[in-house]
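Participant: Here is the input, now give the coordinates:
(chains A and B)
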Amino acid sequence: MDAHAAQTAVAVASGAKYQDLAWMVLAIPLMTGIGTWFLLRRHQALTAGFNIAGVLLSFVLGVILLNLTGGSDLPTTPFHWLPLEGLDLTLGLLVDRLSALMTLVVTAVAALVMIYSTGYMKGDRSYSRFFCTLSLFVSSMLGIVLADNFVMLFIFWELVGVSSYLLIGFWYERPAAGDAAKKAFLTNRLGDFGFLLGILVVWGAAGTVNFTELAAKFHANPALLGPMAGVAGLLIFLGAMGKSAQFPLHVWLPDAMEGPTPVSALIHAATMVAAGVYMLCRVFFLYTVPPGWPTPLAFLGDLSAATIIACIGGFTALLAALIAVQQNDIKRILAYSTLSQLGYMVMAVGLGAHAGTPASAMFHLVTHAFFKAMLFLGAGSVIHACHHEQDIWKMGGLRQRMPVTFWTFVIGTAALAGLPPFSGFYSKDEILVTALEASPLLFGLAVLVACLTTFYMTRLVLVAFLGAPRSDPAGHAHESPRSMTWPLIALAVPSLGLAWTPVGSFLAAHFGGSGHAMAEATVAAPAAVGVLPMLENLAGGVNEAMFGPFNHNALAATMGLFAVILGGSLAWAAYGHATRDPLPKLLGGFGRTLRHKFYLDELYEGVFIPLHDLAGTLADWLDRWLLNGLVIRGAHGSVELIGRALRLAQTGNLQTYAFLFAAGLAVVAWFILR
Amino acid sequence: MSLLNTLILTPFLTALLILAIPGNYRFVIRCLALLGSGFTAVLGTVLFFRYAPGTPGYQFDESAIWVSSSILRLNYHVAVDGIAAGMLLVTALVGFAAVAVSWEIERQSKLFYLLLLMIIGGALGAFASLDLFFFYFFNELALVPTFIMIGVWGRGEERTYAAYKITLYLTAGALVGLTGLIALYSASGASSLDLLDLQRQVAKTPIAPAMQSFIFLCLVFGFGTLVGLWPFHSWAPQGYACAPTATAMLHAGILKKAGLFVLLRVAYPLLPDAVAQWSWILGVLCVGNLLYCGFVALRQRDLNLLIGNSSLAHMGFAFLGLASVNVIGITGTVLVMVSHALLAALSFALSGWLRHQTGTTDLGKMGGLLRRMPFIGTVLVLCFLAGCGVPGFANFAGELSVLFGAWNGLPVIVVAAAWAGLILGGVYMLRALRQILQGESREPLKGVLDAVGLWRQLPFALLAAGLLFFGIFPNVLVNRVKPAASAVVRLATTLTPAAPVKAAPTRTAAPAK
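Facilitator: Got it, this is the predicted structure:
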């Protein structure tokens, strides 16, 4: 604590440091967002321009930061936000490889999505509001990414929730949008409830919320949390469960598709929903501690929080992939696919605890951010062209009419399915390797999910883009404007080639774990970043980069590839020339269950919400009848009754008074003379 | 005249001026009231920022002897510590906002503004007073007009009943509280009701533990009723629902806090043994506020009842901070007091506007209003987000501090509080937003108007800005509050040595003058 204070004092004394540049990364979008709202919102093009410029500037700063970090952290000047007695809650930035890389991902995707939005949102009456809110989101998201302590992370965690709320409910006059926004926020709140308690547990045991200090403490004493280790880990994970939409808190994400499609791409596919996984990677030190449970949970024994997390992630991946197979709304298919991929990442974090590194999860997060954003933007382009038609069975034949959208969508699909040499193959392979080493069961599950993923994505492409148009709007569709196709092409580049760059090794170096295939495979100098090393790497080891996975763990790579081929062929067989979905007939009741998303929404609406309402009714009833009725009206009534009784005596009649006077005298006399 | 005295006197002087103006000069009266309360708001802000942070003790100390007899000395003694500085600031701001939103009052506006200014002045006086007699006097001066205002300018059919109920409850509470104060005075053996005298006296000869318990419980239940401590809370929602907008703003925002203030100023520092023995009772009852009132809020279909119940739920955080008896928790309580003052005032101001425009506070009859009223709608979103504890607003900072403060002592209650704040608060606030602002606009609501122009928007913008300012820079407040909170905790945890003082308290003679 003293060292920290001294460091701060030095920082203050020497004035701002060049590292404080990092503050600008999140301050610029915030300022452009608020500034343009107050000053320029009537000038739509200017508002959009400034907000895009702000995010681009953040991106450039992010590149600078990434180069500055090298291997070590950059200390920045903290802001003493809530300097309580013995608990100095600061807002400070932790700039290391992890956060710098994530900053680049967030700002790059955000900038492209915002450029795309200039076309997609054209003509919307709240055009300016859209861009300002997006900027607010980017700023909050960067706050999560760069936070150096739990409380700051929680603050921005809530703020991305708010921006997500505002953006899902962007078209607030649609009842469905309002409901979806509310549902998203409240489901996230359930997760945040656990998250906050988890932070308190960790603080109670360790006395600090700062990540660096916590990591040092856990390094020195892994059993710091003692019997609360498992509980703390799971409570913190609850936050990730909400944000990254893990079962059973996943129900908000599909509904969140009510927001404008660029929002779905940026927030509900690439960045915010990945924040849960990012947070788990950030506080990974909590999950490598020896398992411990308090007495009531002692039956869990040696089961660690990480294992439970891996199982929840795997289950979510499977559940969502199954549901995606029977959805017909193009955005919902992609939403369930996002859920499924997030489940993959969460599983990888959980399994990574065995290997001591979550690098594979983080790697998949990065590649997924690009190709999933592209897929959503592609879907947006299709929806835009088909006059807001979202049912894939009312599309068809879009390949010729929208070539750029089609080809980029195919690249995205290949990357998501995990076809070499697209980036998704490499990151998914990392996860498969991790799984194979830790748990054969989850490895099998992961392969199954990979197969399902290819199946539903191939189905989507075949039905929506190939064949003959099945509706009027689809027949008259034409390619979207350049402002929309250009970001698609820009996103296609990393979707294709990101895995050939040293991202994987860069992450592996950050987490310093072993057993990372990419780390040993692709790069000699892991810390090197920049254009030249990247080119050298490309030139020197294209062969290794392309086929590395097969050299390293042939079983995992082959199984992954086999799953893709199997899923693709099955989809081709079923949907190659289909005009109607053949699956419902084949699957029967199970298909219906899938279409109804395992009836989970109905379950929640039938149980959880009524329970709260019941408690509300009960309390309200008590208030109304017991407190108001009995106590107040009772007091009121009895006072009034006494008043009425006394009034009987006050008749104003002289004879009555004389009689009472005499009677009184008689009573007194009787008492005296008795 | 000193800054603090000017601050307290301005509303009263304005009221006197208004008294001299004929009742039919409504515009002049309103202008005067605005001017007076505006000046008060400026003074309050100046005082807050001129208060030197980080230093313990009282600043802006002013005193004058009023009554000096051998039995009792009454001093007009005003001074400001960090807690009072925060409360004075929000009182002045909310006072101005309350005057500013009262443009809709047409009937007997002279009397209305007179009473309103009396409330503001009374509240300012109460928060500044170090003499308990004057505290009580100012507090009642602020409370009594609210009863009249609900009866005269109130809304709804139940307003007589509501006025009756609020009077009954708060008078009973005040009497119990007064009993506690008198008992404190006689048991302490001090020669005056000056808080500093009492502190000195108690430090010398502590009050017997049994007596401490009696006094403490009198203060907790008496002044707790004023705050809406469960189960003595049911006056609040209905009272606010029927009160005119300005009264509800001041009552829910400011006057309620006087109850907490007296617990912080009197009960905690002077009765350490009782705090050790009885603070758990606040911890238990605050769950009633947090969960019970939260659940009741969940069921409300009327906007005012919803805000009223949610404001009771927020008071649960303040009580929880008190129950934690440590500096983090007590600082949190003060943060909650300050932020909730702004929040409650803003909520009632907005609901007043909505009622005036739509003619209803029934949530089911609203809908799609954001399109019609972008300004009010935006502020309503900010306000309700603040109400469900979103960071960036002052309430979050307060609630977070309370949770951290109470965690090590009362973890189970913290779980309940987190559930109440994060989940219940979220549910009823967002439901209300969904019903009021989102969805399709209804036919009968086509003609509603937004707040347009600086004068109409100013009160809302001012309160929202306050919430944001203390949400982003809570350090400004914390640095002022921390020394005072440390002092409270230090005194509250300095227990009487094991052997209880048996000797009957002896009254020391008044110092020769």
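Participant: any idea how far residue A:451 is from residue A:458?
Facilitator: Counting by CB to CB, to the nearest Å, the gap from residue A:458 to residue A:451 is 11 Å. Every C-beta, even on glycine, is put in place using the N, C-alpha and C of the backbone.
Participant: Sorry, wrong one. I was asking about residue B:395.
Facilitator: Distance from residue B:395 to residue A:451, by CB to CB: 49 Å.
Participant: do residue B:59 as well
Facilitator: 73 Å.
Participant: Between those two, point out the one with more neighbours.
Facilitator: The residue with more neighbours, out of residue B:59 and residue A:451, is residue A:451; 22 against 17, by other CB atoms under 10 Å in any protein chain shown.
Participant: Hmm, the more buried one is touching residue A:566, no?
Facilitator: Yes: between residue A:451 and residue A:566 there is a contact under CB atoms under 8 Å: 5.3 Å.
Participant: on that earlier part again, who touches both of residue A:458 and residue A:451?
Facilitator: Residues within reach of residue A:458 and of residue A:451 at once, by CB atoms under 8 Å, 6 or more residues apart in numbering or on different chains, are residue A:567.
Participant: Once you drop chain neighbours, what's closest to the residue of the stretch 451-600 of chain A found nearest chain B?
Facilitator: Nearest residue of the stretch 451-600 of chain A to chain B, counting by CB to the nearest CB: residue A:600, 18.9 Å away. In this structure, residue A:600 finds its nearest non-sequential neighbour in residue A:251, 5.9 Å apart by CB to CB, 6 or more residues apart in numbering or on different chains.
Participant: wait, that neighbour sits on residue A:604?
Facilitator: Yes: between residue A:251 and residue A:604 a contact is recorded at 6.3 Å, counting by CB under 8 Å.
Participant: So between these two, which is more surrounded?
Facilitator: Legend: neighbour count by other CB under 10 Å for residue A:251 and residue A:604, higher for residue A:251 (20 against 16).
Participant: what residues are up against the more buried one?
Facilitator: So, once contact is read as CB under 8 Å, 6+ apart, residue A:251 ends up touching A:183, A:187, A:597, A:600, A:601, A:604.
Participant: Run through the chain and note the low-pLDDT ranges.
Facilitator: Picking chain A for this. For chain A, applying pLDDT under 70 flags the ranges A:1-18, A:70-72, A:513-548, A:551, A:626-639, A:649, A:651.
Participant: oops, chain B please
Facilitator: By pLDDT under 70, the low-scoring segments of chain B are B:1, B:498-513.
Participant: What strands flank the lengthiest strand in it, and is each parallel or antiparallel?
Facilitator: As assigned by DSSP state E, the longest strand anywhere in chain B is strand B:59-68. Its sheet considered, strand B:59-68 pairs with strand B:73-80 (antiparallel) by DSSP bridges.
Participant: Packing partners of the following helix or strand past the strand it pairs with?
Facilitator: Following strand B:73-80 in sequence order, the next helix or strand is helix B:82-100 (DSSP states H and E). Packing partners of helix B:82-100 (3 or more CB pairs under 8 Å, 6 or more residues apart in numbering or on different chains; DSSP states H and E): helix B:3-19, helix B:26-50, helix B:109-128, helix B:245-250, helix B:256-262, helix B:327-358, helix B:454-472, helix B:474-492.
Participant: what comes up buried for helix B:82-100?
Facilitator: Buried residues in helix B:82-100, counting neighbours by 16 or more other CB atoms under 10 Å in any protein chain shown, are found at B:82-100.
Participant: Kindly report the same for stretch A:73-92.
Facilitator: Residues of stretch A:73-92 classed as buried by neighbour count (16+ other CB under 10 Å): A:73-78, A:81-85, A:87-92.
Participant: centre of the chain versus that stretch, how much separation?
Facilitator: Relative to the mean C-alpha coordinate of its chain, stretch A:73-92 is positioned 26 Å out (CA atoms, centre = their mean, to the nearest Å).
Participant: Show me just the buried residues among the contacts of residue A:251.
Facilitator: Buried members of the contacts of residue A:251, counted by 16+ other CB under 10 Å: A:183, A:187, A:597, A:604.
Participant: Just send those back as a markdown table, with distance to chain B and secondary structure too.
Facilitator: Below are these laid out as a markdown table (distance: CB to the nearest CB, whole Å; DSSP: H, G, I helix; E, B strand; the rest coil):
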| residue | distance to chain B | secondary structure |
| --- | --- | --- |
| A:183 | 9 | helix |
| A:187 | 10 | helix |
| A:597 | 22 | helix |
| A:604 | 13 | helix |
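Participant: I'd like these as a markdown table, with distance to residue B:442 appended.
Facilitator: A markdown table is the format used below for the buried ones among the contacts of residue A:251 (distance: CB to CB, whole Å):
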| residue | distance to residue B:442 |
| --- | --- |
| A:183 | 23 |
| A:187 | 28 |
| A:597 | 32 |
| A:604 | 29 |
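Participant: For the residue of the stretch 301-450 of chain B found nearest chain A, give me its contacts.
Facilitator: The minimum distance from the stretch 301-450 of chain B to chain A, using CB to the nearest CB, falls at residue B:438 (3.3 Å). Listed by CB under 8 Å, 6+ apart, the contact set of residue B:438 reads A:169, A:172, A:173, A:175, A:177, A:178, A:181, B:367, B:368, B:370.
Participant: Next, it: secondary structure please.
Facilitator: On the three-state scheme (DSSP: H, G, I helix; E, B strand; the rest coil), residue B:438 is labelled coil.
Participant: distance of it from residue A:166?
Facilitator: Residue B:438 is 11 Å from residue A:166, where distance means CB to CB.
Participant: between these two, what contacts are shared?
Facilitator: If you check residue B:438 and residue A:166 against CB under 8 Å, 6+ apart, the residues they both contact are residue A:181.
Participant: What residues sit buried inside stretch A:209-226?
Facilitator: A:209, A:210, A:211, A:212, A:213, A:214, A:217, A:218, A:224, A:225.
Participant: So which bits of the stretch 251-400 of chain B are right by chain A?
Facilitator: Residues of the stretch 251-400 of chain B lying close to chain A by CB under 8 Å from any CB of the partner chain are B:292-293, B:295-300, B:326-328, B:331-332, B:368, B:370-371, B:381, B:385, B:390-392, B:396-397, B:400.
Participant: give me that answer again for 10 Å
Facilitator: Residues of the stretch 251-400 of chain B lying near chain A by CB under 10 Å from any CB of the partner chain: B:288, B:291-300, B:305, B:309, B:326-332, B:335, B:367-368, B:370-371, B:374, B:377-378, B:381, B:385, B:388-392, B:396-398, B:400.
Participant: Whichever of those residues end up buried, select them in PyMOL.
Facilitator: Command for PyMOL that selects the buried part of these, burial taken from 16+ other CB under 10 Å:
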select buried, chain B and resi 288+291+292+293+294+295+296+297+298+299+300+305+309+326+327+328+329+330+331+332+335+367+368+370+371+377+378+381+385+388+389+390+391+392+396+397+398+400
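Participant: Narrow the residues of the stretch 251-400 of chain B next to chain A to those in helices?
Facilitator: Using DSSP state H to define helices, the subset of these located there is B:294-299, B:305, B:309, B:327-332, B:335, B:370-371, B:374, B:377-378, B:381, B:385, B:396-398, B:400.
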